[in-house]
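S.K.: generate coordinates for the sequence data below:
(chains A and B, ligands or ions: 1)
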Amino acid sequence: MTTTTAGTTWLVRRSRVLGGQPTDVLVENGVVAEIGPGLSAAGASVLDADGLVLLPGLVDLHTHLREPGREDAETVETGSQAAARGGFTAVHAMANTDPVADTAGVVEQVWRLGRRSGWVDVRPVGAVTVGLAGERLAELGAMADSAAGVRVFSDDGKCVSDAVLMRRALEYVKAFDGVVAQHAQEPRLTDGAQMHEGAVSAVLGLRGWPAVAEEAIIARDVLLAGHVGSRLHVCHLSTAGSVEIVRWAKGRGIDVTAEVTPHHLLLTDEEVRSYDPVFKVNPPLRTAEDVMALREALADGTIDIVATDHAPHPVEDKDCEWAAAAMGMTGLETALSVVQHTMVETGLLDWAGVAQRMSAAPARIGRVADQGRPLVVGEPAHLTLVDPAARWTVEPHTMATMGRNSPFRGRELPGQVVATFYAGHPTVLDGKLAGPRPGTTPGRDA
Amino acid sequence: MRHLLSAADLDRAQAVTVLDVAEQMAATQRREIKKLPTLRGRTVVNLFFEDSTRTRISFEAAAKRLSADVINFSAKGSSVSKGESLKDTALTLEAMGADAVVVRHPASGAPHRLAHAGWTRGAVVNAGDGTHEHPTQALLDAFTMRRHLVENATGADLAGRRVAVVGDVLHSRVARSNVLLLNTLGAHVVLVAPPTLLPVGVEGWPCEVSYDLDATLAGGHGDLDAVMMLRVQAERMNASYFPSVREYSRRYGLDARRVGLLPDHTVVMHPGPMNRGLEISADAADSPRSTIVEQVTNGVAVRMAVLYLLLAGARDLAPDAPPAAPPAEEVALTEGVLP
Ligand SMILES: [Zn+2]
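M.R.: The predicted structure is shown next:
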């Protein structure tokens, strides 16, 4: 992969690097050229970032871009625009497309679409099993060796529930430093499940999705990963019990990482009382106790990262009764705001902690070598500038994503992404899409 | 009250008002001319996405006896597997000028969605949604209990009465609505079921829970005033909710021996349709203390009351805000009938 540059030099004035003291940052030829107070550069475009916090470009390990197959819900183009507006410079495109991303051909197609779009680095996730059917392994090695260089494998949306198949997948991906990202959901315990099983589901008469269905799979998987010495990643962990299991596994030295979504950091199953399917998601919204446990776990490092599980759906898939509605919520353009609201403003994380959990750690888990890097001279200029003092009301129709299914609709959130630099190129300026990174046409690099 | 979606929509005063109005409606049904002009010119749509002839007929009779125009819309079996058609159907009904939509739907919350998604301006009456609620069934059950258990029923609630609800609580919309309404009316509810047929979270409900039918019937914690048996679908056996129909029947079925454990005044109820020989034996169902047939009759009066209170200009069911007086030409017919 070559890096082409925008050919523009940017001087970012007086931003607070990771929330620290204001300083200047010079971006030149796609890299951070200088950092320090009072910089000047002839001919540089100047961005006055007084009061803004400078973060490394955010990396999402869990994004549904829907292309190929559901271009009525989202495309690589619109999804990566949404990512850029949310402050992301890399996203991992989940494999549950149509056709499923279970061959080198499909992952390369998605990768090329991402390169052509040029808003963020689109890293395809490969399916673990053929057709997500949970029966036999997909050609994981071929996907790893493809131009897309897949390192994250997941049947997300479905659980690799067969213990032998999961064991084999965990072992096999060691050959190319891959990781299996498990959507932990015991299928028999969640047959027809509609929402978290508990006090609210009992009243609403909706089939329950018990916490144990997630926890039992995570418990099994960490034991398997420990047994075969493999790397395991747990997608969208949602319960206090799951936190305890991951904490225990890490204490035993098992190589497990875990993610939490922004919506599981803020919303609870009480929202379902409205029967509004915008709150229907998998795993389901849990209880307030779970939310507090997830926040603490993200703060203490038991949960490594925030991942959006951005899941756009066309209006008709949500404009219906609960049982008929699709599961999933958009999240790319609200993620950082929700994290500021739930983690920074509560004092649980500082901005360096946010950078760790939304950039450095997800890049490391996904093996995105040139992202999530420290903000120092010589590193690639993947940067996000956020105004922590801004407040805004979520209006889904103003977003870049095609999905209107934001559970935060109408809610006031803090923090606004003012600018995003992808390899030195501003994809977002003044909070608006500025333009894709030029010169990344496919074919040149494939 | 704009809609009736859940038994929890009614406070004590509103619930008592519904029962009192239902008494007056029932009185009119003993007359030779049963029809009242109250809802003339109003349109009530029975929107049934699930078969339930008995409930539909009950609502239809109620609406017609109030002189409403009734449109029966049976959506079962048409292209309703995709939920979007709930919206499209609602928009169609809205275009037809439905004043009230009585909806029966296999999905919990569908009436709630219909009422709150902005698809229709009509009043929505939940006629049973999935495994959620069936508030008019609870109202007719309470009406039946009050008639049998309370002297000078008008204005009274069910304070101090003990009611056992027995069977598949997990999947029962009747049980959910009954627990809520009976609690509102001051009754004490005991749910009796095998643990597999009780929802996780039932601990938070305003009722007692028992796994032992004989102990409950024997009245260890006080004599029962009513025993309500819930329908159990034999298919539940295949999902391992219980080992066999025979074992279920032995442990949780109401038969002559168990009826014999009850005090003389205790009524036996069932929302229907019954599985005779499964949750209730023929002699229990047909015994003199059974109110099962009467419940059907009472259903019409209660549903007349609900439609009347929702549509006849009375949005507020509080007793101190009685329903608006009917137009002058109707007074002759309805005088002395309605509060
Ligand atoms: Zn998932």
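S.K.: for chain B, which spans come out with low pLDDT?
M.R.: Applying pLDDT under 70 to chain B flags residues B:76-84, B:313-339.
S.K.: that one - how does it break down into domains?
M.R.: Using automatic domain parsing, the domain parsing of chain B gives B:7-134+B:296-311, B:135-291.
S.K.: any idea how far the longest one is from the chain center?
M.R.: To tie it back to what came earlier, the one meant is domain B:135-291. 14 Å (CA atoms, centre = their mean, to the nearest Å).
S.K.: bridged to B:A164, which residues?
M.R.: B:A164 has the following beta-bridge partners by DSSP bridges: B:V190, B:V227.
S.K.: pretty sure it sits against B:M229.
M.R.: No - applying CB atoms under 8 Å, one finds B:A164 not in contact with B:M229, separated by 9.1 Å. All C-beta spots, glycine's among them, are computed from the backbone N, C-alpha and C.
S.K.: and the residue nearest to B:L139 when sequence neighbours are not counted, helix, strand or coil?
M.R.: Nearest residue to B:L139 in three dimensions, chain neighbours excluded: B:V302, at 4.8 Å (CB to CB, 6 or more residues apart in numbering or on different chains). Three-state call for B:V302 (DSSP: H, G, I helix; E, B strand; the rest coil): helix.
S.K.: which residues touch B:V302?
M.R.: Contact analysis of B:V302 by CB atoms under 8 Å, 6 or more residues apart in numbering or on different chains lists B:V18, B:L19, B:A22, B:M25, B:T136, B:L139, B:L140, B:F143.
S.K.: so which of those residues belong to helices?
M.R.: Within those, residues falling in helices by DSSP state H are B:V18, B:L19, B:A22, B:M25, B:T136, B:L139, B:L140, B:F143.
S.K.: of the contacts of B:V302, which is the nearest to chain A?
M.R.: B:T136 (16.1 Å; CB to the nearest CB).
S.K.: how about the closest residue to the ion within chain A: what's its closest non-neighbour residue?
M.R.: Chain A approaches the ion most closely through A:H183 (3.7 Å), counting by CB to the ion. Nearest in space to A:H183, with sequence neighbours left out and distances taken as CB to CB, 6+ apart, is A:D156 at 4.5 Å.
S.K.: rewinding a little: so which of the domains of chain B is the most packed in?
M.R.: domain B:7-134+B:296-311 (a mean of 21; mean count of other CB atoms under 10 Å in any protein chain shown).
S.K.: and the end-to-end length of it?
M.R.: 18 Å (CA to CA, to the nearest Å).
S.K.: so where do the strands sit in the stretch 101-250 of chain B?
M.R.: Ranges of strands in the stretch 101-250 of chain B, per DSSP state E, counting those that start in this stretch, are B:123-129, B:162-166, B:188-192, B:208-210, B:226-229.
S.K.: got JSON lines for those, with distance to the ion too?
M.R.: Shown next, in JSON lines, are the strands of the stretch 101-250 of chain B (distance: least, CB to the ion, whole Å):
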{"stretch": "strand B:123-129", "distance to the ion": "28"}
{"stretch": "strand B:162-166", "distance to the ion": "38"}
{"stretch": "strand B:188-192", "distance to the ion": "35"}
{"stretch": "strand B:208-210", "distance to the ion": "35"}
{"stretch": "strand B:226-229", "distance to the ion": "42"}
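S.K.: what residues does the stretch 201-350 of chain A put near chain B?
M.R.: Residues of the stretch 201-350 of chain A lying near chain B by CB under 8 Å from any CB of the partner chain: A:201-208, A:210, A:274-276, A:316, A:319-325.
S.K.: report the buried members of those residues.
M.R.: A:201-208, A:210, A:275-276, A:319-325 (16 or more other CB atoms under 10 Å in any protein chain shown).
S.K.: and those residues, which of them are in helices?
M.R.: A:S201, A:A202, A:V203, A:L204.
S.K.: TSV for those residues, including pLDDT?
M.R.: Formatted as TSV, those follow (pLDDT from 0 to 100):
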residue	pLDDT
A:S201	98
A:A202	98
A:V203	98
A:L204	98
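S.K.: distance to B:M237 for those - can I get that in JSON lines?
M.R.: Shown next, in JSON lines, are these (distance: CB to CB, whole Å):
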{"residue": "A:S201", "distance to B:M237": "23"}
{"residue": "A:A202", "distance to B:M237": "23"}
{"residue": "A:V203", "distance to B:M237": "26"}
{"residue": "A:L204", "distance to B:M237": "26"}
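S.K.: and those residues, which is closest to B:Q14?
M.R.: A:V203 (19.5 Å; CB to CB).
S.K.: correct me, but that closest one touches B:S177?
M.R.: No - using CB under 8 Å, A:V203 is not in contact with B:S177; the gap is 11.1 Å.
S.K.: would you mind measuring from the residue nearest to B:L139 to A:Y275?
M.R.: 25 Å (CB to CB, to the nearest Å).
S.K.: cool, B:A142 as well?
M.R.: Counting by CB to CB, the gap from B:A142 to A:Y275 is 25 Å.
S.K.: kindly report the same for A:A335.
M.R.: 26 Å.
S.K.: for B:L181, same thing?
M.R.: 20 Å.
S.K.: for B:T53, same thing?
M.R.: 27 Å.
S.K.: next: A:S161.
M.R.: 29 Å.
S.K.: cool, B:Q137 as well?
M.R.: Distance from B:Q137 to A:Y275, by CB to CB: 20 Å.
S.K.: same check on B:M25?
M.R.: In terms of CB to CB, B:M25 sits 31 Å off from A:Y275.
S.K.: any idea which residue of the stretch 201-339 of chain B lies closest to the ion?
M.R.: For the stretch 201-339 of chain B, CB to the ion, closest residue to the ion: B:G201, 24.5 Å.
S.K.: who in chain A is up against the ion?
M.R.: A:D156, A:H183 (CB under 5 Å from the ion).
S.K.: pull the contacting residues for the nearest residue to B:V200 once chain neighbours are set aside.
M.R.: Distances taken as CB to CB, 6+ apart put A:E197 closest to B:V200, at 5.2 Å, once the chain neighbours are dropped. Counting by CB under 8 Å, 6+ apart, A:E197 touches A:G208, A:W209, A:P210, A:A211, B:V200, B:G201.
S.K.: please repeat the previous calculation with a cut-off of 6 Å.
M.R.: A:G208, A:W209, A:P210, B:V200 (CB atoms under 6 Å, 6 or more residues apart in numbering or on different chains).
S.K.: many thanks, we can stop here.
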